[in-house]
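[1] below are the sequence and a predicted model; questions follow.
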Amino acid sequence: MWVLPAILAAALPSPACDPMPGWEEVARASEGRYLVLGETHGTVEAPAMLAEYVCALADNGPVLVGIEFTSTTNAAFQRAWAAPHGAFRQTLFAQVSEWGERSDGVASTAMLAMLERLHALKEAGAQIDIVAFNGANGDAQRAAFAGLPGQEPHEAAQAANIREAAQGRPYSHVVVLVGSFHAGKQAVTLGGVETRPMAMLLAERERVLSLAMHTGGGATWNCQLAVDADFDPTVPVTDDMVECASHAIAPNRTERERGFHLDSEMSQHGYDGVFALGPVTASPPPEID
């Protein structure tokens, strides 16, 4: 159950914070709710946006940040989060095996920079927690959602893990960075099966504000089917058929000024607005020392 904090303070954020324009309106609208930000993985700009937004919120009560790392690594993330800031990166790399193993744009250099920024704020006194929520956290959760159709067991596990973490303390804000599909609040047909995304499932029991990423084009770091791959839809895709690299991304058709935009017309697409980043740049995995 939510314990709502006082109304968001009207004061400007600390000069050390650099949130995008429109952040105050989104902060007011999402106070005591779940803010789900649906990104395209592998940009410099999306994790940086989240870090500065959370920085601006940090004086207004505890904040939980959800990251799309495997839920079974959450305990390892918590150990790293508890480390002194000078040892944070080393502890994170030592504790969480996905660093150095994932090349899909999630475990990116920008994501690492975001976590280091948030950890430094936490060490300076900000009440910021994190949770790794992606996928089932064990056999019991897999069994609980096994009867759901298609992709839904994965979506339901994401929602359950975020909800459970959010019940850990009276957070004034819960901010989740996740792939754009998971952030939708409308059912989508995948492979002929109607699937409810994570944010839609979360919204069945919670209040959710969902924003989609908007860009002016550029590049992202992600994994795509290689141009010369011998693809057969009847055969599973193998690692040698996939190229993880910087790939061009087309700009959204509608121009948006850089910033947060609540937009009721986005409801027809399953969102409550957009976060417009402008041109984006690819962020590869970090070098592991």
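    Structure received. Numbers count the residues shown, from 1 in each chain.

[2] which SS state does the spatially most central residue of the chain fall under?
    In the chain, the centroid-proximal residue (C-alpha atoms, centre = their mean) is residue 177; its distance is 1.3 Å. At residue 177 the chain is in strand, as set by DSSP: H, G, I helix; E, B strand; the rest coil.

[3] all strands of the stretch 101-250 of the chain, in order?
    In the stretch 101-250 of the chain, the segments counted as strands under DSSP state E, counting those that start in this stretch are 128-134, 173-179, 188-190, 193-195, 208-214, 218-225, 242-249.

[4] by contact count, what packs against the fourth one?
    Strand 193-195 makes packing contacts with strand 188-190 when contacts are defined by 3 or more C-beta pairs under 8 Å, 6 or more residues apart in numbering; DSSP states H and E. C-beta here means a position set from N, CA and C on the backbone, and glycine is covered the same way.

[5] please redo it, this time with the cut-off set to 10 Å
    helix 152-166, strand 188-190 (3 or more C-beta pairs under 10 Å, 6 or more residues apart in numbering; DSSP states H and E).

[6] what do you get for the first one?
    Contacting strand 128-134 under the criterion 3+ C-beta pairs under 10 Å, 6+ apart are the following elements: helix 45-57, strand 63-70, helix 74-81, helix 109-123, helix 152-166, strand 173-179.

[7] send me it as PDB with only the CA atoms.
    Provided in PDB are the C-alpha atoms of strand 128-134 (Å, rounded to 0.1, in the frame of the first residue of the first chain):
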ATOM      1  CA  ILE A 128      17.800   5.900  -3.800                       C
ATOM      2  CA  ASP A 129      17.300   2.100  -4.000                       C
ATOM      3  CA  ILE A 130      17.600  -0.100  -7.100                       C
ATOM      4  CA  VAL A 131      16.000  -3.400  -8.100                       C
ATOM      5  CA  ALA A 132      16.900  -5.800 -11.000                       C
ATOM      6  CA  PHE A 133      13.600  -7.200 -12.000                       C
ATOM      7  CA  ASN A 134      13.800  -8.900 -15.400                       C
END
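
[8] partner strands of it, with direction?
    Its sheet considered, strand 128-134 pairs with strand 63-70 (parallel) by DSSP bridges.

[9] the partner strand - what's its average pLDDT?
    What strand 63-70 shows for mean pLDDT is 98.

[10] over to stretch 186-203?
    Stretch 186-203 comes out at a mean pLDDT of 95.

[11] run the chain-centre distance for it.
    17 Å (C-alpha atoms, centre = their mean, to the nearest Å).

[12] same thing with stretch 53-68?
    13 Å.

[13] worst average pLDDT in the helices and strands packed on strand 193-195?
    strand 188-190 (a mean of 92).

[14] elements contacting that strand?
    For strand 188-190, the elements it packs on are strand 193-195, judged by 3+ C-beta pairs under 10 Å, 6+ apart.

[15] with distance to residue 225 as extra columns, can I get the helices and strands packed on strand 128-134 in a markdown table?
    Listed next are those as a markdown table, based on distance: least, C-beta to C-beta, whole Å:
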| stretch | distance to residue 225 |
| --- | --- |
| helix 45-57 | 23 |
| strand 63-70 | 21 |
| helix 74-81 | 31 |
| helix 109-123 | 23 |
| helix 152-166 | 21 |
| strand 173-179 | 17 |
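
[16] and the pLDDT for the residue nearest to residue 219 when sequence neighbours are not counted?
    Closest residue to residue 219 apart from its sequence neighbours, by C-beta to C-beta, 6 or more residues apart in numbering: residue 282 at 4.2 Å. Predicted confidence (pLDDT) for residue 282: 98.

[17] which of the residues in stretch 172-189 are buried?
    Neighbour-count burial for stretch 172-189 flags 172-185 (criterion: 16 or more other C-beta atoms under 10 Å).
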